[in-house]
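> build me a model:
(one chain, ligands or ions: 1)
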Amino acid sequence: MSLFSTFQPPISYSEPLFRPPAEANSLIFQVSYGCPHNSCKFCMMYKDCQYKVREKEALFKEINAVADYYQYTPKAVKRIFLADGDVMNLPTKHLVEILELLNEKFLNLSRIGIYANASSINKKSDEELKKLRHLKLTTLYTGLESGTQFILDNVAKGETVEENITAIQRAQSFNFKCSVMVLLGLGGQKFSEQHALATAEALNKMQPRILSALRYIGVAQSPHQKLYDDYSEVSESEALRELYLLLKNLDLNQTVFSANHSSNPLPIQGRLPKDKNNLLAQIKMSLDNNLYRHEKPFFYQL
Ligand code: SF4
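Below you'll find the predicted structure:
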C-alpha cells in the first residue's frame with residue numbers, strides 16, 4: 001500500500017449509511033440522519049436511528065474540507081449522493097443552499113442523487129423542482145413498493161399509489177431521472193397476482209427511466225415477522241412467477257430494468273421494451289428447469 005492510498009477525504013459518517021447500488025462510485029455526504037417517516041413495516045434501514053437534519057455549519061465545513069482535499073484532482077468528483085432517507089423532505093431553501101455549495105466547489109460535477117419519497121416530491125412546487133434540477137439534482141430514488149393501495153396501507157407506507165404516479169410523472173416532466181423500486185412478495189401468497197398486475201399498471205403510468213424489482217424477505221429478529229394479517233411469505237419460485245407476471249404486463253417505452261439484487265432468486269437485467277421477451281424467456285427457463293436460487297440469502301438490506 002502506498003503512502004498516498006492511506007489518505008482519505010475528510011468525511012465523517014454516522015452509521016447506518018445506505019446508498020443505492022448505482023451510487024457505488026459517488027462521493028457521499030450525509031445531510032440528514034435516518035428517515036423522517038421511518039414507518040414502513042418492511043424496511044429496517046433506519047429503525048434504530050432518530051431522524052435529524054444535520055447541522056448546516058458542520059455540513060458546510062465538511063464540504064469545504066473535502067473540496068480542498070480534491071483541489072489538485074478536480075476531475076475526481078463527478079457524482080455525489082446525498083444521504084440519508086428522503087432528502088427531498090428537507091426545506092427547499094436548505095436543499096438549494098447545499099446544492100449551490102456543491103456546484104461551486106466541485107466544478108466537474110455532473111449529477112447529484114437522493115432518496116426522495118413521492119409525498120415529498122409532490123410537496124415541492126413546479127418552480128422548486130425546476131430550481132433543484134437546474135442545480136444538478138438529477139437522480140431521484142423512490143419506492144413505489146406496490147401498485148395495490150391496501151398493500152401499501154397494510155405495510156404503513158403512508159402514501160397512495162396515485163401520489164406515487166403523480167410524483168414520478170411530475171419529476172420526469174422536469175427532466176429528473178427517476179429510479180423506482182418495487183417489492184416482489186409484498187402481497188404475500190394470497191395477493192401475489194393482484195400485487196403484480198396493479199404494480200405493472202402503476203408503473204406503466206409512471207414510465208420510470210429506471211426500475212428495480214427486489215424481493216421482500218422478512219428480516220430475522222424483526223418485530224414485523226408477519227407483515228400483516230393474511231400475509232404469508234412467497235417462496236423463491238412464487239417470487240419468480242410474480243416477477244414473470246409483472247414483467248409480462250409492463251408496457252414501458254424506455255426503462256432500464258433490473259431484478260439482480262441479492263434478494264432475487266434469479267438475477268436478471270435488461271432494457272425495456274427491447275429485452276422484455278428475452279427476460280421472460282430466462283425466467284420461464286429457470287422455472288421449468290429449477291435453475292434459480294432455492295434458499296434465502298443469509299442477509300440482505302433494501
Ligand atoms: S422505505 Fe423509505 S420511507 Fe419507508 S421507512 Fe424505509 S427509508 Fe423510510
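> from now on I want contacts and neighbour counts done on CA atoms only, so please keep to that.
OK.
> number of residues surrounding the residue nearest to Gln50 when sequence neighbours are not counted?
Excluding its sequence neighbours, the residue lying closest to Gln50 (Cα to Cα, 6 or more residues apart in numbering) is Gly34, at 6.1 Å. Around Gly34 there are 26 other residues, counting by other Cα atoms under 10 Å.
> do Lys284 as well
For Lys284, using other Cα under 10 Å, the count is 16.
> can you pull the contacts of the residue nearest to it when sequence neighbours are not counted?
Nearest residue to Lys284, sequence neighbours excluded (Cα to Cα, 6+ apart): Tyr244, at 7.8 Å. For Tyr244, the contacting residues are 280, 283-284, by Cα atoms under 8 Å, 6 or more residues apart in numbering.
> let's see it at 10 Å
Tyr244 is in contact with 196, 238, 279-284, counting by Cα atoms under 10 Å, 6 or more residues apart in numbering.
> tell me which parts of this protein are close to the ligand?
Residues of the chain lying close to the ligand (Cα under 6 Å from any ligand atom) are 35, 37-40, 43, 45, 85.
> if any of those are buried, give me the ChimeraX selection for them.
Per 16 or more other Cα atoms under 10 Å, the buried members of the residues of the chain next to the ligand correspond to this ChimeraX selection:
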select :35,38,40,43,45,85
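> in strands, which of the residues of the chain next to the ligand appear?
In this view, the residues of the chain next to the ligand have no member that belongs to strands under DSSP state E.
> let me have the contacts of Tyr244 in a markdown table, adding secondary structure and distance to Ser232 as columns.
As requested, these are exported to a markdown table (DSSP: H, G, I helix; E, B strand; the rest coil; distance: Cα to Cα, whole Å):
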| residue | secondary structure | distance to Ser232 |
| --- | --- | --- |
| Ala196 | helix | 16 |
| Glu238 | helix | 12 |
| Leu279 | helix | 27 |
| Leu280 | helix | 25 |
| Ala281 | helix | 28 |
| Gln282 | helix | 26 |
| Ile283 | helix | 23 |
| Lys284 | helix | 24 |
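> can you pick the most crowded of these?
When neighbours are counted by other Cα under 10 Å, Ala196 leads the contacts of Tyr244 with 29 neighbours.
> with adjacent residues omitted, what lies nearest to it?
Leu246 is the one closest to Ala196 (Cα to Cα, 6+ apart), at 4.8 Å.
> CA atoms only: put the strand or helix carrying the one you found into CSV for me.
Of the helices and strands defined by DSSP states H and E, Leu246 is found in helix 236-248. Taking C-alpha atoms only, helix 236-248 is exported to CSV below (Å, rounded to 0.1, in the frame of the first residue of the first chain):
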residue,chain,number,x,y,z
GLU,A,236,-38.5,-18.5,-4.4
SER,A,237,-40.5,-20.0,-7.2
GLU,A,238,-43.6,-17.9,-6.3
ALA,A,239,-41.5,-14.8,-6.3
LEU,A,240,-40.2,-15.7,-9.8
ARG,A,241,-43.7,-16.3,-11.0
GLU,A,242,-44.8,-13.0,-9.7
LEU,A,243,-41.8,-11.3,-11.4
TYR,A,244,-42.9,-13.1,-14.7
LEU,A,245,-46.4,-11.7,-14.4
LEU,A,246,-45.2,-8.2,-13.5
LEU,A,247,-42.8,-8.1,-16.4
LYS,A,248,-45.3,-9.6,-18.9
